[in-house]
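Student: got a structure for you, letters missing:
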């Protein structure tokens, strides 16, 4: 997984938001858009509603750790923007990981997920 696997620019985030393919779960909202590349790119958003910088960075680190674990299972050729909800700060890591997988399953963007589920 390279640095190219992440969305960095605001304009790229806005393109994904405008595509309006949205699904959400208890702790996460997911926006997706086809990117015509052979890699999956992800961006992680934590708003000020979540709390101070320490809490936002905590949630962002969780996002990145789970994304690294699940990267082989995520369909390539899409841009994903994961937005954390306010409740994401107080949840367990296993619940957050299950929610991450569920939000991907709702959009049918994960393959062979039954093999990998070992929380």
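Tutor: Everything's here; your move. Only a predicted model underlies this, so the values are computations on that prediction, with no experimental measurement involved. Numbering: from 1, shown residues only.
Student: quick one: contacts for residue 64?
Tutor: For residue 64, the contact set (CB atoms under 8 Å, 6 or more residues apart in numbering) comprises residue 44. C-beta coordinates here come from the backbone N, C-alpha and C atoms, glycine included.
Student: Apologies, that question was intended for residue 19.
Tutor: Applying CB under 8 Å, 6+ apart to residue 19 gives the contacts 31, 32, 33.
Student: In which helix or strand does residue 29 reside?
Tutor: Assigned by DSSP states H and E, residue 29 belongs to strand 28-34.
Student: pretty sure residue 43 is touching residue 7, no?
Tutor: Yes: taking contacts as CB atoms under 8 Å, residue 43 lies within contact range of residue 7: 3.4 Å.
Student: Now do the shared contacts for the two.
Tutor: Residues within reach of residue 43 and of residue 7 at once, by CB under 8 Å, 6+ apart, are 13, 16, 79, 81.
Student: sec struct for the spatially most central residue of the chain, please.
Tutor: In the chain, the centroid-proximal residue (CA atoms, centre = their mean) is residue 82; its distance is 3.6 Å. For residue 82, the assignment made with DSSP: H, G, I helix; E, B strand; the rest coil gives strand.
Student: is it in a bridge, and if so with what?
Tutor: residue 30, residue 44 (DSSP bridges).
Student: What are the buried residues along the helix or strand that contains residue 96?
Tutor: Assignment of secondary structure by DSSP H and E places residue 96 within helix 93-106. The neighbour-count check on helix 93-106 (16 or more other CB atoms under 10 Å) flags 96, 97, 98, 99, 100, 101, 102, 103, 104 as buried.
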